[in-house]
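Peer 1: 3D model of this:
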Amino acid sequence: MKKLLLLFALALMVGCQSNQSSETTEEAPQQKIVTEHHSENIAKVFEAHGGYENWASMKQLSYTKGAESTVTNLSNRKIKLVSDQMTIGFDGENVWVTPDTVDASRSRFYHNLYFYFYAMPFVVGDPGVFYEDVDPMEIKGTTYNGVKISYGEGIGDSPEDYYIIWYNPESYKMEWLMYTVTYRSGEANENYRLIKYDQWAEFEGIMLPTAIQWHQYEDNAVGDMRNEVIFENIKLSKEAPSDNMFNMPQGAQIAPGPSAE
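Peer 2: So this is what the prediction gives:
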């Protein structure tokens, strides 16, 4: 009788542990990857660069740009930039800057500027983005197909910004990016700037640029390269960075938004 009671108790303990394990698993569901809004052509561009689902599984992106290092949590877009002059961070609510003696007036505009350029084309795969195929365009003797990107109302600090991804019609690889800037004015415009993407490297199956070049662009004419930005020490990982690294330190100043500039 004692043996039967002991066996019953053991079975009950195992059953409780199994239920607790199941409950724990149910409490931590995987993040849903939203792709239903992707157009057919933008999906092919994503696939040519390693696949959107592969990109969405990544949690951390880091790189250096000159003397400035950047770490981004790709799940929530928290970011931290460290240079000799200052540190800029986004903790999910505020853009903060240290030391409190530096001019922080442009920090909100700047904090994720290069991240957006660097994480193209995947960064335009977010929910709230709309896609429109545009007429092909010849750039420096080559004809490219294009997808124009716009944003839903209230998405980000500059929802009136436009992007056009120009991709090779055979490989679907992105080679040029046009973009507008409306951060201060808040008014939509078609005054595009132009970046060339032709230096790619593979990280965790994802194609990321090692350099991008701004070109002169005026009256629909493409001119010479104006400047080049080189990215080094690139790391892409499925391991999220520590959330503490993005916390606003004591004494930091909060960067003003566009309406305050």
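Peer 1: now do the longest strand seen in the chain: which elements does it pack against?
Peer 2: Counting by DSSP state E, the longest strand found in the chain is strand 206-218. Secondary structure elements in contact with strand 206-218, counted by 3 or more CB pairs under 8 Å, 6 or more residues apart in numbering; DSSP states H and E, are helix 113-118, strand 193-203, strand 221-230, strand 232-237. Backbone N, C-alpha and C define where each C-beta goes, glycine included.
Peer 1: let's see 10 Å
Peer 2: Under the contact criterion of 3 or more CB pairs under 10 Å, 6 or more residues apart in numbering; DSSP states H and E, strand 206-218 touches helix 52-56, strand 60-65, helix 113-118, strand 174-179, strand 193-203, strand 221-230, strand 232-237.
Peer 1: need these in CSV (columns: distance to Thr87 and mean neighbour count).
Peer 2: Rendered in CSV, the data for the helices and strands packed on strand 206-218 read as follows (distance: least, CB to CB, whole Å; neighbours: other CB atoms under 10 Å):
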stretch, distance to Thr87, mean neighbour count
helix 52-56, 27, 18
strand 60-65, 14, 18
helix 113-118, 15, 17
strand 174-179, 26, 21
strand 193-203, 25, 16
strand 221-230, 20, 11
strand 232-237, 17, 14
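Peer 1: give me phi/psi at Asn73?
Peer 2: Backbone torsions for Asn73, taken as degrees, to the nearest 10, come to phi -80, psi 110.
Peer 1: pLDDT score assigned to it?
Peer 2: As summarised for this prediction, Asn73 has a pLDDT of 98.
Peer 1: ditto for Lys196
Peer 2: pLDDT at Lys196 comes out at 98.
Peer 1: quick check: closest non-adjacent residue to it.
Peer 2: Nearest-residue entry for Lys196: Gln213, 4.5 Å, with adjacent residues in sequence omitted and distances by CB to CB, 6 or more residues apart in numbering.
Peer 1: and Asp135, that's in a helix?
Peer 2: No. Asp135 is assigned strand when assessed by DSSP: H, G, I helix; E, B strand; the rest coil, not a helix.
Peer 1: look up which helix or strand the closest residue to it other than its chain neighbours falls in, please.
Peer 2: What sits nearest to Asp135 in space, not counting adjacent residues and going by CB to CB, 6+ apart, is Gly146, at 7.5 Å. With elements taken from DSSP states H and E, the one containing Gly146 is strand 142-151.
Peer 1: could you point out which element follows that strand?
Peer 2: By DSSP H and E, the next helix or strand past strand 142-151 is strand 163-167.
Peer 1: could you pull up the mean pLDDT of that following strand?
Peer 2: Predicted confidence along strand 163-167 averages 97 (mean pLDDT).
Peer 1: could I get the CA-only coordinates of it as CSV?
Peer 2: The C-alpha coordinates for strand 163-167 follow below in CSV (Å, rounded to 0.1, in the frame of the first residue of the first chain):
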residue,chain,number,x,y,z
TYR,A,163,11.9,56.1,-50.4
ILE,A,164,12.4,54.5,-53.8
ILE,A,165,14.4,51.3,-54.0
TRP,A,166,15.9,50.8,-57.4
TYR,A,167,16.7,47.2,-58.1
